[in-house]
Structure formats: C-alpha cells, structure tokens
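Asker: structure for this input, please:
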Amino acid sequence: MTQGARNTPGRRTVLGAAVLGSAAMALPGAAQAAERGRGEGHGSSYPGLPELTIVGHRGASGYRPEHTLGSYQLALDLGAHVIEQDLVPTKDGHLVCRHENDITATTDVADHPEFAGRKTTKSVDGTSLTGWFTEDFTLAELKTLRAKERIPANRQRNTLYDGRWEVPTFEEVLRWAEDEGRRRGRKIWLYTETKHPTYFRGIGLGLEERLAKLLRRYGRDRKDSAIFLQSFEPSSMQRMAKLVSSPRVVLLDAAGTRPWDFRTANDPRTVSDLVKPEGLRWIASFAQGIGPTLDLIIPKDATGKLGTPTTLVRDAHAKGLILHPYTLRDENTFLPADFRRGTDPNAYGDAFGAFKRYFEQGIDGIFTDNPDTGLLARADFVSR
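Answerer: Numbering: from 1, shown residues only. Below is the predicted model of the structure:
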C-alpha cells in the first residue's frame, strides 16, 4: 500500500480501534488473557485501567500536532486509556503543554515580527539551543501563537492542522478532562511530565509546587487519582512525593546516560545503574513505576533489529514497579529495522508486529503516537 493510503487511519479503522479500546476494559476474561500472555511477576495495575495500558503520546501526535487540545481529543476519541502532557512554564508562572520550552518548531512564533527580538541562545540541560522559549513569554503573549506540526517531513498530513489550535495551559487540560469525564461517565486518565525541572528551578520557575497546586485544586492529588506524574529527573518525583500522593513514574533514557539532576548534584549513577535491582529498589522508595525507553526492554543490534530482551521487566516487577516504556510509532523511520516495510522512511511499517514483540515481554503499558494501532494490537494480544 502506498504512503498516502497508510499515513491516515481509515474511518473503519478509527471507529474499530475506539470500540476495541473501550470494550477491552469491560470484556470478561481480557485481563486474564493478558495475564497469560504476560507471564508471572507482572506489576500492579490501577483501578479503572486495563492490563496493557495504551498511552496517547502527546495525544494522538501521529495524526494531529502534538500537545494540542485537538491531539488530546482525538486520542481520547480513538480509545486511548491515558493521555500524556509535558509541562513547561511561562514567564508569569503558568504551566503550558509543550514537549520543550523551545517552541521554535512547534508554534508559528517565527512568523510574528513582534517577537523577533525574543529569539536567543540558551543552554538547557547542557545543550545549546537557539530559538524562542516559553519562559520569555507571558501567557497572554503565548496565546497569540498557534501550534504546528513538529516533524512535517515525516508527517506531512499533520500540517493540514497547522494554526488550528493554540498552546493549551495545563489547567485548560484539567478542565477539558473534567468535562469529558462528565460526558463519558468515567475518569479521564492523564500522564503528566515535568520537563527540565532543575533548569526551571534555577531560573525561579520551579514546576513542582505549581503542579501540585493545580492537582489539589482539581482533585488529582490523591493516591487513587486518575493521573501519573513523570520526569526524567528522579529528584522531581521525590519532590512531588512530598507535595501530593498521585502515582509517580521515573522516566529512563538510554543506558549509560545520566539524569540532569544527577549531573548537577555530582551523583555518578547512570541509567545503567538505575535499571539494576539496587537502582530499581531505590526508585521504588518514592515512585510506583518506570518509563524506560524501548531499547532498555529489547536492545537493538548493529543493524537496528531487535536483539535479546533484558531482564528489566522481570526485575522491575520484582520491586513492585509498573513499566510503561516509550515510544512506538507507525512510521518506518521510528520502527526497529526488522519491522520496516519498503524503502520509504515515512511509510507505515509492521507496527502490529512490533507491538506484539514488546507486549510479549510483560510490560504494563506503552506510549504510542498512534493509539488506534496500539489498541488493535492490544486487542489481538489479549484475545489470543
């Protein structure tokens, strides 16, 4: 099938995924089937969430510009069990949903001559970046911008929606989730990340206290709240543990890398240390789960194909931690080499086959830019 026919889900596929995603939670025996596929020693599930949770990564970012209400709404309509947000602050302290504070690639800020003088170079977590940054804009100024597709070369069809939505605040997302929850008669689960917390605390815009205030205001500060908090900096989740009781997850980058807060604190540990039993025991002292990159579950060989699985799933479950690895996408360029199809990097590959391989490892859920694909793959897996 050509790229044009594969890049956007057909109506039947979309509706089918939404039905399967919703039905799987109520289907008798679905959890038991998932148990059989996952093996023993799996982590704890959460009330209201099924086994093999499908997380809409930045919404349904495979089909709409990421971190927009349009992307979040589509992910929910497709049936995603949880919707992800990344949080960065504005100059006046509001939390907004962007993958990065550098908004050069995700908004039309470069087209606004009144903000030309805001373009600057900064060092964020040791990386030099030139562009426009949320912390240099008030919320009112940021609201004059419009979101656009971050990777248009890969997702040309998403550019159709450039300019359609503004940058949402996290409070707007919380209100949206409340409205959708009332309309659907169930809780809407969120997955919320603090981005670059050490950097922002260093410039007087600490994230955790602002986030905790909003969580308390909207009743998502309890142990049973329909939200996961997450960060690549473990100290951010330690700080959140002192402020709210919401479930917390530590994100883990590639083996050998060091979290930025470890670097600033002269902590010599790397991700390779954190995925060992001792490191997992330490994480379990303040968090309920981990979000590892998929390569920490199944490393790739020199050709980019999946190799031998690690023991991370088993080891994390032994410490009572859930695992929600990231991120599986449909396009060839993002898939392991053994699941690519054809030579077009932007065409869809065998994402269903890739989902199956990761599900077989016993993970508790997965982040995906394409929730409908994930839900159909999940339905296949739990009904074996």
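
Asker: phi, psi of Ile290?
Answerer: Per-residue torsions, Ile290: phi -130, psi 150 (degrees, to the nearest 10).

Asker: that one against Val249, yeah?
Answerer: Yes. Look at Ile290 against Val249 with CB atoms under 8 Å: they come within range, at 6.3 Å. Any C-beta I mention is one placed from the backbone N, CA and C, and that applies to glycine too.

Asker: which residues of the stretch 251-384 of the chain score low on pLDDT?
Answerer: Of all residues in the stretch 251-384 of the chain, none has pLDDT under 70.

Asker: can you tell me which residues contact Arg340?
Answerer: Residues near Arg340 by CB atoms under 8 Å, 6 or more residues apart in numbering: Asn332, Gly349, Asp350.

Asker: with adjacent residues omitted, what lies nearest to the most centrally placed residue in the chain?
Answerer: Nearest to the geometric centre of the chain sits His57, at 4.1 Å (CA atoms, centre = their mean). Excluding the flanking residues, the one nearest His57 by CB to CB, 6 or more residues apart in numbering is Phe367, at 4.3 Å.

Asker: just give me the neighbour total for Gln311.
Answerer: For residue 311 the amino acid is Thr, not Gln. By other CB atoms under 10 Å, 11 other residues sit near Thr311.

Asker: how close does it sit to Leu280?
Answerer: Separation of Thr311 from Leu280 (CB to CB, to the nearest Å): 11 Å.

Asker: please, where are all the strands along the chain?
Answerer: 53-56, 82-89, 95-97, 120-124, 127-131, 189-194, 227-231, 248-252, 289-292, 322-323, 365-368 (DSSP state E).

Asker: and those strands as CSV, adding mean neighbour count?
Answerer: What follows is the strands of the chain, written out as CSV (neighbours: other CB atoms under 10 Å):
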stretch, mean neighbour count
strand 53-56, 28
strand 82-89, 26
strand 95-97, 26
strand 120-124, 12
strand 127-131, 12
strand 189-194, 25
strand 227-231, 27
strand 248-252, 24
strand 289-292, 26
strand 322-323, 24
strand 365-368, 26
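
Asker: in a markdown table, list the ones you listed along with distance to Thr107.
Answerer: Listed next are the strands of the chain as a markdown table, based on distance: least, CB to CB, whole Å:
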| stretch | distance to Thr107 |
| --- | --- |
| strand 53-56 | 21 |
| strand 82-89 | 12 |
| strand 95-97 | 11 |
| strand 120-124 | 16 |
| strand 127-131 | 10 |
| strand 189-194 | 19 |
| strand 227-231 | 23 |
| strand 248-252 | 24 |
| strand 289-292 | 26 |
| strand 322-323 | 33 |
| strand 365-368 | 23 |
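
Asker: common neighbours of Ile290 and Val249, please.
Answerer: Residues within reach of Ile290 and of Val249 at once, by CB under 8 Å, 6+ apart, are Ile322, His324.

Asker: could you pull up the contacting residues of the residue nearest to the centre of the chain?
Answerer: Contacts of His57 (CB under 8 Å, 6+ apart): Glu84, Tyr326, Thr327, Phe367, Thr368, Asp369.

Asker: what about the stretch 101-250 of the chain, any weak spots by pLDDT?
Answerer: Judged by pLDDT under 70, no stretch of the stretch 101-250 of the chain qualifies at all.

Asker: would you indicate which residues of stretch 273-291 are buried?
Answerer: 273-275, 279-280, 282-284, 286-291 (16 or more other CB atoms under 10 Å).

Asker: contacts for that stretch next, please.
Answerer: Residues contacting stretch 273-291 (CB under 8 Å, 6+ apart): 43-44, 228, 230, 234, 237-238, 241, 247-252, 255, 269, 292, 296, 310, 312, 315-316, 318-326, 364, 367.
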